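Colleague: Generate coordinates for the sequence data below:
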Amino acid sequence: MKRLFVSVLFMVFAVSNVVADSVRIEILAGDGQPLANAALLIESKKVSVQVPETSAVVDQVDKQFTPTVSAVEPGTDVVFPNSDNIRHHVYSFSEAKNFELKLYSDKEKPSVNFDKAGIVTLGCNIHDQMVAYVLVSDAYDVAITNEQGIVELTLEESEAPTEVRVWHYWMGDKLSKAQSVQLTSDSGKLTAQVQVSPPVQEDKEPSRLEQRFNRRGN
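Modeller: Numbering: from 1, shown residues only. Purely as a prediction, here's the structure:
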């Protein structure tokens, strides 16, 4: 299988008359395409970073979780609205949070408290294609790339980080799998690479529960 390489490109712009520096981060795969839903982990104690506030909401739209990857601090209540016109059954068997929200409709907005650090993998017991991840940590400032593989940060300190960790769900559901990368300067940019490859997808027979709901048109 062809391996992919993820390039983390840091472009630092000094903003005149502003104390903070603006940092634009673009994450690309080896084929040059943007890599969405990659988590950049910066140790909070090393540098103070203001990241766009991540809403503690994981919605369900068109039989998909949105967002695919969320980042919250331990103790955060995550709300799970259902914007579809069908019922979903949200669950997780992850060590960081084991829970189950049995079949519910779009009129309900249950919440779950994520009280333990780690990566929580979400699924739907009815629709196997629905998968999402909640990264729970207070040891890092976490920023998630958008669909264009870009994230923008505002540094409170003038010096950008020289070493960060990058996690993507292709690496597995353990935060320990995040790769530490040393950033180097190249033509005014800080760059690094981490090696990742998508997992092999296995054909899977629909569960009896899914077959039953598919026959009902859900």
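Colleague: ok, Leu135 - contacts?
Modeller: For Leu135, the contact set (CB atoms under 8 Å, 6 or more residues apart in numbering) comprises 39, 69-72, 119, 142, 167, 175. C-beta here means a position set from N, CA and C on the backbone, and glycine is covered the same way.
Colleague: go with 6 Å
Modeller: 39, 71, 119, 142 (CB atoms under 6 Å, 6 or more residues apart in numbering).
Colleague: What spatial separation is found between the last one and Val134?
Modeller: When you say that, I think you mean Val142. In this view, Val142 and Val134 are 11 Å apart by CB to CB, to the nearest Å.
Colleague: give me the low-pLDDT residue ranges for this protein?
Modeller: Within the chain, the stretches with pLDDT under 70 are 1-23, 28-33, 45-55, 155-160, 182-197, 201-218.
Colleague: what's the domain layout of it?
Modeller: 4-52+139-196, 59-136 (automatic domain parsing).
Colleague: What ranges does this structure have for its helices?
Modeller: Using DSSP state H, the helices of the chain run over residues 208-215.
Colleague: Please name the nearest non-neighbouring residue to Asp62.
Modeller: Excluding its sequence neighbours, the residue lying closest to Asp62 (CB to CB, 6 or more residues apart in numbering) is Asp84, at 7.0 Å.
Colleague: what's the answer for Asn125, then?
Modeller: Closest to Asn125 by CB to CB, 6+ apart is His89, at 3.9 Å.
Colleague: same question, Ala178
Modeller: With CB to CB, 6+ apart, the residue lying closest to Ala178 is Trp167, at 3.8 Å.
Colleague: Please give the number of neighbouring residues around that neighbour.
Modeller: 28 (other CB atoms under 10 Å).
Colleague: how near is it to Leu175?
Modeller: According to CB to CB, Trp167 and Leu175 sit 6 Å apart.
Colleague: And Gln60, by the same measure?
Modeller: Counting by CB to CB - Gln60 and Leu175 are separated by 25 Å.
Colleague: and if you look at Val131?
Modeller: Relative to Leu175, and taking CB to CB, Val131 is found at 17 Å.
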